[in-house]
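> attaching a predicted model along with its sequence, questions to come.
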Amino acid sequence: MTIKKVQQILPPAPAHMVGDGFKVHNFFPSGYNISNRRMSPFFMLDYNALMELSPSETPRGVGVHPHRGFETVTIAYQGKIAHGDSFGNKGIIAEGEVQWMTAASGILHKEYHEEAFSKKGGLFQMVQLWVNLPAKDKMSEPKYQALTRAIIQRSTHHSPLVRVEVIAGNYQDTPGAASTFSPIELYNIQLSSGGKVDLHFPAEYNTGLLVIEGSVLINQTDKAAQDHFALFENVGTDISLEASADARVLVLSGAPIHEPIASYGPFLMNSQEEIRQAVIDFNSGKFGYLED
Ligand code: MN
């Protein structure tokens, strides 16, 4: 048992807009000068930090666009997001809920603030992760998992000061809600003042933590503040977290996919040839149809 040390704590990079509805800080792959394989199988992390959304009669967001070769995982912390895709899936991601969309061979989707929430305005905070797929699964059938509050299990931790919501993987025999194509651990952890939790991940797993609310002390040495991302070394297995005030963190850890990466906009493949094919297939309507 050895400690998995913090390699770096990254403050949020300057925000940019995705469509007209999401003001995001990118932590990887573009926000910092780190390799696009560093957090594999996680390829991208966009974070809309807590903000007050002004009311709008017309919901803001991102119109119809394609994806191929990976999964989008959208986590709502405050406010509501509405989505729809070309396979007829649609729904609302409410606070504490997760949408796990497997674009795989190709899908069109749109992502907006939910209508009633948009009209009223209010607090908004969300995360979107892009999870890469192994080459053998990139052209599989698209799939959609609506991980509602009822589906996401909470670990009955030994301490009442800690609540672990297991989105994917397994935490102390509590199974994750999502089915995944490669080994992934994804948890939302809430710590009340004085709460402590120990986490264990294989040394080679790429591991990080985003502080959603409050701050946490990692391995009794590194303090990570709200909106900061802690990147862990690929050495050691054990992480301890403690909070001196209420805190909430998103923990992500996964087995790296050791395959080439070719990325272009909304496509994430293994070769340039596959990227060219994705563009051709999208332009010829093979991703289906979705009304804006
Ligand atoms: Mn999208």
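Okay, I see it.
> I'd like the mean pLDDT over stretch 168-184, please.
Across stretch 168-184, the average pLDDT comes to 97.
> tell me what Val131 is bridged to.
Phe42, Glu71 (DSSP bridges).
> neighbours around it, how many?
27 (other C-beta atoms under 10 Å). Backbone N, C-alpha and C define where each C-beta goes, glycine included.
> just give the closest residue to Ser35, not the sequence neighbours.
Nearest non-adjacent residue to Ser35, counting by C-beta to C-beta, 6 or more residues apart in numbering: Pro29, 7.5 Å away.
> surely that neighbour touches Phe42?
No: in this structure, Pro29 is not within contact of Phe42 by C-beta atoms under 8 Å, at 9.5 Å.
> neighbour count winner among those two?
Between Pro29 and Phe42, counted using other C-beta under 10 Å, Phe42 has the larger neighbour count: 25 against 21.
> tell me which residues touch that one, please.
Phe28, Leu129, Trp130, Val131, Asn132, Asn206, Gly208, Leu252, Gly254 (C-beta atoms under 8 Å, 6 or more residues apart in numbering).
> what about those residues, which one has the most neighbours?
Highest neighbour count within the contacts of Phe42, by other C-beta under 10 Å: Asn132, with 29 neighbours.
> measure that residue to Glu71 for me?
Separation of Asn132 from Glu71 (C-beta to C-beta, to the nearest Å) stands at 8 Å.
> again, but for Gly79
Computed as C-beta to C-beta, the Gly79 to Glu71 distance reads 22 Å.
> okay, the two: which has more neighbours?
Glu71 (27 against 23).
> quick one, what contacts the more buried one?
So Glu71 contacts Trp100, Met101, Thr102, Ala103, Ala104, Trp130, Val131, Leu133, Phe181 (C-beta under 8 Å, 6+ apart).
> and the fifth one, how far is that from Ile275?
Yep, that's Ala104 we're talking about. The gap separating Ala104 from Ile275 is 15 Å, by C-beta to C-beta.
> cool, the fourth one as well?
With the distance defined as C-beta to C-beta, Ala103 ends up 14 Å from Ile275.
> the two - which one has more neighbours?
Ala103 (26 against 19).
> chain neighbours aside, what residue packs nearest to Glu204?
Asn234 (5.8 Å).
> wait, doesn't Asn219 sit right on Lys5?
Yes: the criterion here is C-beta under 8 Å, and Asn219 meets it with Lys5 at 6.6 Å.
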